[in-house]
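Asker: Sequence below, structure please.
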Amino acid sequence: TVPPSAEFLGVIRQGEWIMTRENPTFRLKDSVLILCKMNDVQAISTVLASTAKVGGLTQSDFFGDFVLNAQITLDELDSFYTIALPEHDSHITLADYITDRFHRRVVVGDQVSLDRLVLTVRQINDNGDIKLVGIKPKES
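Answerer: All right, here's what the predicted structure looks like:
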């Protein structure tokens with residue numbers, strides 16, 4: 001359940017903040033704004049990820065069919081997925097690759113693209129470190 005101290009502030013849609021007083025409905029690619037205590041981030045992330053079935057979306061559809069340890073390097077990922085890697089990033093971990101693309105704390109459900117793949121944060125620890133990453137092909 002969502003902690004009682006959490007407050008839904010609205011959604012961001014195409015760069016515009018739609019506040020709760022406008023009673024927004026969720027759409028694909030919306031970002032949800034929730035105000036909460038730092039200690040509640042993991043619980044909220046888990047709740048939001050578990051409700052990813054909206055519109056027929058399964059956890060497998062959202063996270064991908066495969067789960068990887070976030071500490072493997074992009075070189076190691078390339079050895080079994082054969083992807084085009086940014087040369088300067090080839091020796092960093094999946095966790096670092098994902099974290100470097102956000103200017104905030106990463107949460108469960110955050111996604112980034114890597115060549116023809118989508119990497120989705122599947123599990124983080126209490127310190128906010130990414131532990132598991134879901135992987136799936138990028139939709140055409």
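Asker: Where does pLDDT dip in this protein?
Answerer: Within the chain, the stretches with pLDDT under 70 are 1-2, 49-65, 88, 140.
Asker: Where do the helices of it begin and end?
Answerer: 41-50, 59-63, 74-81, 94-99 (DSSP state H).
Asker: Give me whichever of those is most buried.
Answerer: Mean neighbour count, computed with mean count of other CB atoms under 10 Å, is highest for helix 94-99 among these, reaching a mean of 20. Just so you know, the C-beta spots here come from the backbone N, C-alpha and C atoms, and that holds for glycine as well.
Asker: got a list of what the spatially most central residue of the chain touches?
Answerer: Geometric centre of the chain, nearest residue: D110, 1.4 Å, by CA atoms, centre = their mean. Residues in contact with D110 (CB atoms under 8 Å, 6 or more residues apart in numbering) are I98, F102, T120, V121.
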